[in-house]
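J.: Only the shape, not the letters, is given here:
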């Protein structure tokens with residue numbers, strides 16, 4: 001949809017990614033990518049995250065550099081340290097620059113540009129673990145996020161913050177009023193959960209993820225919100 005409008009788009013996200021990992025990736029690649037616009041996904045759950053899941057992913061599969069070691073020391077978690085040690089071992093003894101991810105799973109296809117397509121038609125709710133409403137924001141995540149905002153500002157890159165659609169039940173698990181007030185202080189922010197159309201479960205494969213049809217509807221809303229297309233173009 002974006003290519004048809006003349007835009008080049010890349011998704012720099014990974015599973016469970018928090019601001020700490022986003023800062024690492026931007027430190028590595030922002031100057032190379034040099035985007036005109038960054039659309040940054042934010043949510044209360046992400047800011048309460050410890051970032052362990054994504055840190056192990058990025059250390060195992062990304063570049064092994066200063067930022068990998070800095071993140072591991074900053075988070076100081078046994079699982080992350082074990083992943084870093086194993087990655088160093090692989091580099092030294094097997095000369096591997098990357099430990100491959102298993103993308104070729106049933107009903108999952110990697111699409112060039114940073115997108116994994118999941119071919120699931122029916123809605124399957126995720127079982128919730130714990131109560132995220134009681135979790136406070138992780139100070140390390142807030143600090144990393146503020147660094148990202150400064151990074152974009154210093155490079156004069158437009159940064160737009162969005163909260164992507166969740167199911168209505170999921171969205172109501174959080175104090176979104178307080179979160180929206182907090183995040184709005186950092187710049188342009190839009191909560192797409194305010195669009196009633198996108199709360200319908202027919203657009204979701206589970207509580208947190210849109211299905212293919214939902215992605216198409218969401219893209220139309222992104223294009224409309226950020227005025228990426230002439231109003232005469234019908235999407």
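T.: Cool, the structure landed. Keep in mind that what you see is a predicted model, and the values were worked out from it rather than measured. Residues are numbered from 1 along each chain as shown.

J.: residue nearest the centroid of this structure?
T.: In the chain, the C-alpha nearest the mean C-alpha coordinate belongs to residue 13, at 4.2 Å (Cα atoms, centre = their mean).

J.: And the pLDDT at the residue of the chain most remote from its centre?
T.: Farthest-out residue of the chain from its mean C-alpha position, per Cα atoms, centre = their mean: residue 93, at 32.8 Å. For residue 93, the model assigns a pLDDT of 85.

J.: list the contacts for it?
T.: Residues counted as contacts of residue 93 (Cβ atoms under 8 Å, 6 or more residues apart in numbering): none. Just so you know, the C-beta spots here come from the backbone N, C-alpha and C atoms, and that holds for glycine as well.

J.: And it, which helix or strand is it part of?
T.: helix 78-94 (DSSP states H and E).

J.: Can you mark which positions in that helix are buried?
T.: Buried positions in helix 78-94, judged by neighbour count with 16 or more other Cβ atoms under 10 Å: 80, 83, 84, 87, 90.

J.: That one: what's the following helix or strand?
T.: Using DSSP H and E, the first helix or strand after helix 78-94 is strand 108-111.

J.: So what touches that next one?
T.: With Cβ under 8 Å, 6+ apart, strand 108-111 has contacts from 103, 116, 117, 118, 119.

J.: Ok, stretch 208-216 next?
T.: The contact list for stretch 208-216, computed with Cβ under 8 Å, 6+ apart, reads 1, 117-121, 123, 126, 164-166, 170, 198, 202-205, 217-218.

J.: Which of those residues fall in strands?
T.: If you go by DSSP state E, the contacts of stretch 208-216 have 117, 118 in strands.

J.: Great, nothing more from me.
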